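> kindly generate the corresponding structure for this input.
(one chain, ligands or ions: 1)
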Amino acid sequence: MSRYQLAGQAALTALVGILSYFIYKLYNARVVFWRLKKLGLPMPPWNPILGHLPILPSVLAKLPKGAMQAYMFEIISKEFEASDGLYYIDLWPFSMPMMIISDPLIANQICIEYDLGKPEMLKPFFKPIVGGEGMFIMNGERWKRSAVLFAPGFAERVILERTEQIVEETGEYVKRLREYVKSGEMFELDNLTCWYMMDVIGTVTLNDRFMSLTSDNVLATAMRNQLSQHMREEELNPFKRYNPMHPIREHQNSKKMDEYITNQLNKRYQEWKNTDRTSVPQTKSIIDLVIADYMRERTVGDKLDASFINWACAQIRLFLFVGHDSTAATIVYSLYLLSKHPEYLERIRKEHDKLFGTNIDDVPSLLKKQPSMINQLPFTTAVIKETLRLFPPAAAFRGGEAGVFLSDSHGARYPTEGCGLNVLHNVIQRNPKYWPRPNDFVPERWLVGPDHELYPKTKGAWRPFEYGTRNCVGQTLVMLDVKITLVMVVREFDVKDAYAEFDKFNGWENDKKGLKMIDGERAYQFSKGSAHPADGFPCRVYQRN
Ligand code: HEM
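Coordinates of the predicted model:
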């Protein structure tokens with residue numbers, strides 16, 4: 001047999017192998033749904049070969065490019081609703097079998113009653129961002145150990161002690177906004193706010209000032225680059241989406257992040273070793289917590305273990321990602337909603353005047369002197385909670401288990417084994433069954449008592465940070481970050497979205513199909529790590545008269 005024949009035969013064998021593997025996986029995926037369908041469980045029309053893939057084109061045609069995936073599941077739940085807030089969907093090979101949950105009572109079973117863990121399918125999403133296994137996707141004892149370790153760093157008192165550092169970073173953000181006022185330029189507020197929040201989380205995790213609003217910090221830049229490399233869901237052009245340079249760039253970003261963090265860890269370890277431990281300030285930054293934990297089990301050595309460094313890099317990268325991304329989106333949406341509701345903008349400004357006095361330049365020193373003042377802003381808190389209700393930046397994703405059945409309000413039972421459970425916060429938090437005026441921005445609903453008509457009708461209808469043991473460890477920090485930002489921004493600036501101008505510039509203003517809107521909302525949520533306002537929220541800022 002000639003060399004060419006041998007090569008041809010090897011290629012054919014490989015092809016047959018790949019095809020057989022594909023058919024085997026396809027069979028396994030579809031057979032699960034064939035059984036579920038036979039049980040009469042709720043799902044859209046299903047095809048034994050293609051699963052639910054055939055329904056996607058018509059659903060996606062109703063959404064703008066890049067819209068977050070949860071909108072797609074929302075449309076399906078409305079068009080094919082056969083159950084009480086739950087359906088199954090088979091999108092193999094793009095995802096594992098999934099149950100889509102749009103009812104708070106079923107979500108409570110998942111997150112509180114059964115306290116289900118994280119599924120395998122989250123790993124490929126987090127891998128390039130975090131490097132190793134971050135606590136977000138851990139389960140069992142490994143998760144418990146990390147949760148216990150990091151909890152003190154996020155305690156309310158400890159977070160409040162961060163006020164001074166956060167105020168410093170917010171001062172830099174305000175300076176950048178003043179520059180935009182001066183230049184009159186249109187710019188993406190979301191992008192600017194992501195860099196700002198990156199600087200905030202840099203101080204919380206590493207005690208390090210990135211100053212990335214004014215200069216190029218290697219770690220912050222590599223993390224933001226990594227995120228934009230990784231979030232290519234909206235890229236339809238396969239040459240861009242599957243560009244062979246992407247894995248190389250991802251590897252380079254990963255290396256830069258790990259090198260930077262390793263240097264910080266080593267530096268902190270040397271400081272730690274050379275100081276009298278009783279006099280070391282207990283900052284409870286993430287880096288200090290992990291080093292203190294490391295030393296609990298070891299004697300002082302020359303250097304940190306490589307395995308510890310790998311583990312610590314993954315946790316720190318995780319905090320840098322989750323700690324900046326969703327909070328930035330919440331700040332932008334808060335400013336956007338206030339700009340659309342002058343009556344509430346007026347009210348929040350009055351609340352700030354009353355507490356801090358009318359000289360806005362006094363705010364940083366007042367907050368630094370007395371951080372607890374930030375807890376005396378009920379209306380500001382209501383604005384943030386209402387923003388998180390209308391535009392939740394995250395969702396819950398858990399893994400089903402054998403023997404765990406979810407029940408609907410009629411008592412029907414649904415198996416979860418082998419399924420990813422996707423809880424749709426955007427649908428639950430606008431469900432008219434639980435929310436009066438579900439699509440309106442009504443901060444007052446957070447200031448009224450249970451007898452008032454605006455009061456949410458059930459526990460669990462508001463769940464931006466989720467409930468149960470796996471809820472968001474950073475929620476106190478989020479509230480502090482957003483409150484400080486609003487206090488230092490809303491009285492000095494008027495923010496106006498510039499979507500009309502942006503669309504005109506891009507030639508989209510005559511888009512007859514209205515594809516740049518979702519339910520009349522131009523600032524719909526984009527998939528970009530967590531959900532961010534579409535097109536980065538183009539805007540202009542003005543100095544307030
Ligand atoms: C507006 C901002 C934020 C929102 C809406 C948000 C939302 C969430 C949600 C919904 C979960 C649970 C996910 C699930 O159940 O599958 C979660 C978990 C988590 N969040 Fe946040 N988050 C925010 C900001 C932050 C910040 C600032 C940090 C830390 C600096 C953080 C750290 C984490 C961690 C570590 C977990 C995993 C907790 C665990 O598994 O035990 N998040 N977050």
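> for residue 457, grab the count of nearby residues.
Close neighbours of residue 457, defined as other Cβ atoms under 10 Å, add up to 14. All C-beta spots, glycine's among them, are computed from the backbone N, C-alpha and C.
> swap in the one 5 residues further on?
Residue 462 has 22 neighbouring residues, counting by other Cβ under 10 Å.
> okay, it: pLDDT?
As predicted, residue 462 sits at a pLDDT of 97.
> that one: what's it in contact with?
By Cβ atoms under 8 Å, 6 or more residues apart in numbering, residue 462 lies in contact with 385, 388-389, 429, 456.
> farthest pair within these?
Across the contacts of residue 462, no pair lies farther apart than 388 and 456, at 12.8 Å, counting by Cβ to Cβ.
> more crowded one of these two?
Between residue 388 and residue 456, counted using other Cβ under 10 Å, residue 388 has the larger neighbour count: 26 against 17.
> for residue 381, see how far away the more buried one is.
According to Cβ to Cβ, to the nearest Å, residue 388 and residue 381 sit 11 Å apart.
> about what we covered before: possible to save the contacts of residue 462 as CSV with pLDDT and secondary structure?
As requested, those are exported to CSV (pLDDT from 0 to 100; DSSP: H, G, I helix; E, B strand; the rest coil):
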residue, pLDDT, secondary structure
385, 98, helix
388, 98, helix
389, 98, helix
429, 96, coil
456, 86, coil
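> residue 320: which of those is nearest?
The shortest approach to residue 320 among the contacts of residue 462 belongs to residue 388, at 21.3 Å (Cβ to Cβ).
> contacting residues around the nearest residue to residue 333 once chain neighbours are set aside?
Nearest residue to residue 333, sequence neighbours excluded (Cβ to Cβ, 6 or more residues apart in numbering): residue 391, at 4.3 Å. Residues near residue 391 by Cβ under 8 Å, 6+ apart: 329-330, 333, 426, 525, 531, 533.
> these in helices, which ones?
Per DSSP state H, helices hold the following members of these: 329-330, 333, 426.
> of those residues, which one scores lowest on pLDDT?
Within these, pLDDT reaches its minimum at residue 426, with 95.
> doesn't residue 524 make contact with it?
No. Residue 426 lies out of contact with residue 524 (Cβ atoms under 8 Å); the separation is 10.2 Å.
> who touches both of these two?
Joint contacts of residue 426 and residue 524 (Cβ under 8 Å, 6+ apart) are residue 71.
> if you rank the contacts of residue 391 by neighbours, which is first?
residue 329 leads the contacts of residue 391 on contacts (other Cβ under 10 Å) with 29 neighbours.
> quick one: distance of the helix or strand encompassing residue 271 to the chain centre.
Secondary structure from DSSP states H and E places residue 271 in helix 245-273. Relative to its chain's centre, helix 245-273 lies at 23 Å (Cα atoms, centre = their mean, to the nearest Å).
> contacting residues around the following helix or strand past it?
Next helix or strand after helix 245-273 toward the C-terminus (DSSP H and E): helix 286-296. Helix 286-296 is contacted by residues 149-150, 152-153, 204-207, 264-265, 268-269, 272, 282, 304, 308, 312, 315-316, 319 when judged by Cβ under 8 Å, 6+ apart.
> and what of stretch 412-421?
Here stretch 412-421 makes contact (Cβ under 8 Å, 6+ apart) with 32, 36, 41, 83-84, 86, 88, 95-99, 101, 110, 116, 119, 121, 396-408.
> looking at these, which are in helices?
Short answer: these in helices (DSSP H) are 32, 36.
> for the ligand, what's its nearest residue on the stretch 1-150 of the chain.
Closest to the ligand within the stretch 1-150 of the chain is residue 136: 4.3 Å, counting by Cβ to the nearest ligand atom.
> so who does that residue touch?
118, 122, 126, 130, 318, 322.
> in the stretch 301-450 of the chain, which spans are strands?
Ranges of strands in the stretch 301-450 of the chain, per DSSP state E, counting those that start in this stretch, are 396-399, 405-407, 413-415, 420-423.
> quick check: the gap between the residue nearest to residue 63 when sequence neighbours are not counted and residue 526.
Of all residues not flanking residue 63 in the chain, residue 71 sits nearest, at 5.5 Å (Cβ to Cβ, 6+ apart). For residue 71, the distance to residue 526 equals 10 Å [Cβ to Cβ].
> residue 54 too?
26 Å.
> and for residue 379?
Distance, residue 379 to residue 526, using Cβ to Cβ: 29 Å.
> need the residues of the stretch 301-450 of the chain near the ligand, please.
Contact residues, the stretch 301-450 of the chain versus the ligand (Cβ under 6 Å from any ligand atom): 319, 322-323, 326-327, 330, 393-394, 396-398.
> try 5 Å this time
Neighbours of the ligand within the stretch 301-450 of the chain, by Cβ under 5 Å from any ligand atom: 319, 322-323, 326-327, 330, 393-394, 396-397.
> and what of the stretch 101-250 of the chain?
Within the stretch 101-250 of the chain, the residues that sit near the ligand (Cβ under 5 Å from any ligand atom) are residue 136.
> wait, what's in contact with residue 464?
By Cβ under 8 Å, 6+ apart, the neighbours of residue 464 are 388-389, 392-394, 425, 429.
> mind listing what's buried in stretch 120-137?
Across stretch 120-137, burial judged by 16 or more other Cβ atoms under 10 Å covers 122, 126-131, 133-137.
> so which of the residues you listed sit within helices?
126-130.
> can I get those in a markdown table with pLDDT?
Formatted as a markdown table, those follow (pLDDT from 0 to 100):
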| residue | pLDDT |
| --- | --- |
| 126 | 93 |
| 127 | 92 |
| 128 | 92 |
| 129 | 95 |
| 130 | 96 |
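> tell me the one of the residues you listed nearest residue 470?
residue 126 (14.6 Å).
> state the pLDDT value of the spatially closest residue to that closest one that is not a sequence neighbour.
With Cβ to Cβ, 6+ apart as the criterion, residue 126 has its nearest non-adjacent residue at 5.6 Å, and that residue is residue 137. Residue 137 is assigned 96 on the pLDDT scale.
> OK, contacts around residue 137?
118, 122-123, 126.
> okay if I get these as JSON lines plus distance to residue 220?
Formatted as JSON lines, the contacts of residue 137 follow (distance: Cβ to Cβ, whole Å):
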{"residue": "118", "distance to residue 220": "27"}
{"residue": "122", "distance to residue 220": "24"}
{"residue": "123", "distance to residue 220": "24"}
{"residue": "126", "distance to residue 220": "19"}
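> show me the shaky parts of the stretch 351-500 of the chain.
The stretch 351-500 of the chain contains no residues with pLDDT under 70.
> and the residue of it nearest the ligand?
Closest approach between the stretch 351-500 of the chain and the ligand, counting by Cβ to the nearest ligand atom: residue 474, at 2.2 Å.
> so where do the strands sit in the stretch 1-150 of the chain?
86-89, 98-101.
> would TSV of those strands with mean pLDDT and distance to residue 498 be doable?
Formatted as TSV, the strands of the stretch 1-150 of the chain follow (pLDDT from 0 to 100; distance: least, Cβ to Cβ, whole Å):
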stretch	mean pLDDT	distance to residue 498
strand 86-89	95	37
strand 98-101	96	35
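> pipe the ones you listed into JSON lines and attach mean neighbour count per row.
JSON lines is the format used below for the strands of the stretch 1-150 of the chain (neighbours: other Cβ atoms under 10 Å):
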{"stretch": "strand 86-89", "mean neighbour count": "23"}
{"stretch": "strand 98-101", "mean neighbour count": "25"}
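> rebuild these as CSV, extending it with distance to residue 439.
Shown next, in CSV, are those (distance: least, Cβ to Cβ, whole Å):
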stretch, distance to residue 439
strand 86-89, 22
strand 98-101, 20
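> which residues of the stretch 401-545 of the chain fall in helices?
425-428, 475-489, 499-505 (DSSP state H, counting those that start in this stretch).
> make a markdown table out of the ones you listed and add distance to residue 164.
Converted to a markdown table, those look like this (distance: least, Cβ to Cβ, whole Å):
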| stretch | distance to residue 164 |
| --- | --- |
| helix 425-428 | 32 |
| helix 475-489 | 10 |
| helix 499-505 | 36 |
